[in-house]
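Enquirer: Return a 3D structure for these sequence lines:
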Amino acid sequence: MELGFLSPIIDRPGPWASVYFDTTWITEDAAARRELSARRVRDQLKEQGADEATCGAVYDALTALPRESRTPGRALFAAGGEVVLDEPLASPPPGGQQAVWQPLPHITPLLDLMDAAPSCLVARIDRTGADLELRGPEGRRDLGQVQGEDHPLHVTPSASWHERHFQNSVENTWERNASVIAEAWRQRRAETGAELVVLAGDGRECRSVRERLTPELREACVLAEHGVRGAGRNQAESERRLDREVEAARTEYVRRHAAEVMERFQAWRVPTDDGRVGAAEGVPALVDALREHRVAALLVRPDGPDLHREVWVGGGPDQVAVRRNDVQYLGDTHPVSARADDALLRAAVASGAEVVSVQPVADEAGTPDGLPVGGLGALLRWPYGGPPAEGSAGGQAPTA
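Expert: Now for the predicted structure:
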């Protein structure tokens, strides 16, 4: 899951009000219910010791929400009398609301409540070109059209030499248009960072476009059974079915990626012949790895028991330790107690590590066997006992 949007709250000092708020207001008394819920959140924060200014900022933000929200929930993070971050949720928080006042932002619920699926390029293709669209957690965005050649495009049934020559010209036009669409797709993917693409429309042209991509890009393609370019009969129903296919493809990507990460974790947690391991689990090992920026991907099972374990943190994201005195050695003379999940997630985001919820794998397996002990684990940028791989320090993780 990409958590770079959390950067405004990673380095800023706390304490923090973290609020998860249900916005599914569908009754006539929605405004009154929203005000009552906002007041309840404010009172909960006050009871936990939050300052008046921060409580007021949260209350004002919640009561200012529109009567009918396009999303089922919001996550607010406030400190120092202002709401620093306000993010939409893909699912309503359990129980309707959650409000905590802690030294660090409580960000673990985002793994369950936000849209973790990747951005997706949707291309509606015919033999003359394509309409491109980006879909993701922030909604939809039109990326324009790709227009190929429009002559000749139609095959005739005649068997004469002239008609066969014309037919070859048609075939060449189709192939050139497929190349133009494939090149446009590569450019849009580079511009948007989309990890997935769905090709819809003319079946032959979709397959032709996919064949012109590199093997890596081809793996990111899904051929849809529905969706057409331009208006036509049953357009609305076709679009609804395409919507379902796109969301299914995004969900399957998340499940497959989590499974691949777990497969690496299970393989690399076993020591090699020289005693080196490429994975870590358990809070003490993860604290050491994150402090040294050795984590490529942090694995989290949101219901794991170690998420609530106490650690000690300083002002910097990498100032985290199992014992209070260790934080003082790291340069912070006033460490505070924090939840392990919040401290480790903050350190992971700050170091550029990927964060992966392995809950889809746990749900599929129905058993904790093979999952990180305590619910927290990591793939490492380089194994214990070995030197950093060339170019790995501060760079993109080669494993995630």
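Enquirer: Show the model's pLDDT score for Leu143.
Expert: Taken from the predicted model, the pLDDT recorded for Leu143 is 88.
Enquirer: quick one: contacts for it?
Expert: Leu143 makes contact with 121, 132-134, 188, 192 under the criterion Cβ atoms under 8 Å, 6 or more residues apart in numbering. The way it works is simple: take the backbone N, C-alpha and C, and place the C-beta from them, glycine included.
Enquirer: again with Pro72
Expert: 22-24, 89-92.
Enquirer: Filter these down to the buried ones.
Expert: The neighbour count (16 or more other Cβ atoms under 10 Å) marks 22-23, 89, 92 as buried among the contacts of Pro72.
Enquirer: Flag the least confident of these.
Expert: Comparing pLDDT over the buried ones among the contacts of Pro72, Thr23 scores lowest. The value there is 86.
Enquirer: Hmm, that one is touching Thr71, no?
Expert: Yes. Counting by Cβ atoms under 8 Å, Thr23 sits close enough to Thr71 to count as a contact (6.4 Å).
Enquirer: which secondary structure element contains the closest residue in space to Leu6 that isn't next to it in sequence?
Expert: Nearest non-adjacent residue to Leu6, counting by Cβ to Cβ, 6 or more residues apart in numbering: Val349, 5.4 Å away. Take DSSP states H and E as the rule and Val349 turns out to sit in helix 340-350.
Enquirer: Using CSV, list the CA coordinates for the helix or strand following that helix.
Expert: Per DSSP H and E, the first helix or strand lying C-terminal to helix 340-350 is strand 354-357. Listed next in CSV are the C-alpha coordinates belonging to strand 354-357 (Å, rounded to 0.1, in the frame of the first residue of the first chain):
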residue,chain,number,x,y,z
GLU,A,354,6.4,-0.4,1.3
VAL,A,355,3.6,-1.4,3.7
VAL,A,356,1.7,-4.5,2.9
SER,A,357,-1.4,-5.8,4.7
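Enquirer: Can you name every helix or strand that strand 354-357 contacts?
Expert: Counting contacts by 3 or more Cβ pairs under 8 Å, 6 or more residues apart in numbering; DSSP states H and E, the secondary-structure elements packed against strand 354-357 are helix 110-113, helix 235-268, strand 295-300, helix 340-350.
Enquirer: make it 6 Å
Expert: If you count contacts as 3 or more Cβ pairs under 6 Å, 6 or more residues apart in numbering; DSSP states H and E, strand 354-357 packs onto strand 295-300.
Enquirer: Show me the strands paired with the strand it packs on, marking each as parallel or antiparallel.
Expert: strand 354-357 (parallel), strand 376-380 (antiparallel) (DSSP bridges).
Enquirer: and the angle for it with helix 340-350?
Expert: Counting by axes from the mean of the first three to the mean of the last three Cα atoms, to 10 degrees, strand 295-300 points 150 degrees away from the direction of helix 340-350.
Enquirer: for strand 295-300, the distance to its chain's centre please.
Expert: 14 Å (Cα atoms, centre = their mean, to the nearest Å).
Enquirer: Toward the C-terminus from the helix or strand bottoming out on mean pLDDT in the chain, list the very next helix or strand.
Expert: The weakest-scoring helix or strand in the chain, judged by mean pLDDT, DSSP states H and E, is helix 161-192 (a mean of 68). On the C-terminal side of helix 161-192, the closest following helix or strand by DSSP H and E is strand 196-201.
Enquirer: tally of neighbours for the residue nearest to Leu6?
Expert: Using other Cβ atoms under 10 Å, the number of residues around Val349 comes to 22.
Enquirer: Name the SS class of the nearest residue to Arg323 once chain neighbours are set aside, please.
Expert: Of all residues not flanking Arg323 in the chain, Trp312 sits nearest, at 6.7 Å (Cβ to Cβ, 6+ apart). Trp312 falls in the strand class when you classify it by DSSP: H, G, I helix; E, B strand; the rest coil.
Enquirer: Fine by me, we can end here.
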